[in-house]
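*Asks:* task: produce atomic coordinates for the following.
(one chain, ligands or ions: 1)
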Amino acid sequence: MSTIEINAEPEAIAIEIAKTAVVMIDMQRDFLEPGGFGESLGNDVSLLSAAIEPCKALLDAARQHEMLVIHTREGHLPDLSDAHKAKVERGDPSLRIGQLGPMGRILIRGEPGQDIIPELYPQLGEPVIDKPGKGAFYATDLQSILETNGIENLIVCGVTTEVCVHTTVREANDRGYRCIVPGDCCGSYIPEFHEVGLRMIKAQSGIFGWVTDSHTILTAMN
Ligand code: C5J
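*Replies:* Alright, predicted model coming up:
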């Protein structure tokens, strides 16, 4: 059973590879490509693209080490029965969740925009969790997938840092998982929030988890 030590803040952390999963949060076309949900909210989606290559490198290494890789996708059922009115009602009415955009209905399961970007596409056998909320535990099977696989630690990547990554890390931390966040594998439409989001995770002796970068994790894995 191989244990590796990852240099991180606020301190290094030792993890068993077999008990660690990589969780890719919402690396979806709707957030990373023009014409999707992210852009409909007035964001510059190109700000998220820097995270793609580091995520790809981490995914490749995780697959080589036969680690559990889990992907999440934020999205809703076509009839919006799992979408709270309070969530749907925000933003420009013609560009809201469920409206037709260039990549299909915005943030609706099964539509091209709701799918994961080609660069980070899941491989056969990797769980893909469709989640209606920002956190990956709310109304999903994530907890049981982690328990079934004996997972104790999560390497959490994805977008956006201060929204779905943060919500998931906070939920996971409360459930007893050690969360390691490689900052370069995350991204935000608001760079300041990305920086502060990472600082919040590692502050106060790692109140929500550990922060590092992909290169440091890859070095520890080799
Ligand atoms: C947002 C997410 N930002 N995946 N979703 O609405 O962070």
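
*Asks:* ok, the residue lying closest to Glu9 once chain neighbours are set aside - how many residues close by?
*Replies:* Nearest residue to Glu9 in three dimensions, chain neighbours excluded: Lys202, at 4.6 Å (Cβ to Cβ, 6 or more residues apart in numbering). To be clear about C-beta, it is placed using only N, CA and C from the backbone, and glycine gets the same treatment. Neighbour count of Lys202, defined by other Cβ atoms under 10 Å: 20.

*Asks:* span of stretch 11-22 from start to end?
*Replies:* 20 Å (Cα to Cα, to the nearest Å).

*Asks:* buried set for the host helix or strand of the residue nearest to Glu9?
*Replies:* Assigned by DSSP states H and E, Lys202 belongs to helix 191-206. For helix 191-206, the buried set under the neighbour-count rule, 16 or more other Cβ atoms under 10 Å, comprises 193-194, 197-198, 200-202, 206.

*Asks:* how about the residues you listed in TSV, adding pLDDT and distance to the ligand?
*Replies:* Listed next are these as TSV, based on pLDDT from 0 to 100; distance: Cβ to the nearest ligand atom, whole Å:
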residue	pLDDT	distance to the ligand
Phe193	98	10
His194	98	11
Gly197	98	11
Leu198	98	14
Met200	98	15
Ile201	98	15
Lys202	98	19
Gly206	98	22
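
*Asks:* nearest to Cys55, of those?
*Replies:* His194 (14.4 Å; Cβ to Cβ).

*Asks:* Pro132 contacts Arg109, correct?
*Replies:* No: between Pro132 and Arg109 there is no contact under Cβ atoms under 8 Å: 9.3 Å.

*Asks:* right, is stretch 90-99 up against the ligand?
*Replies:* No: Stretch 90-99 lies apart from the ligand when judged by Cβ under 6 Å from any ligand atom; the minimum separation is 9.9 Å.
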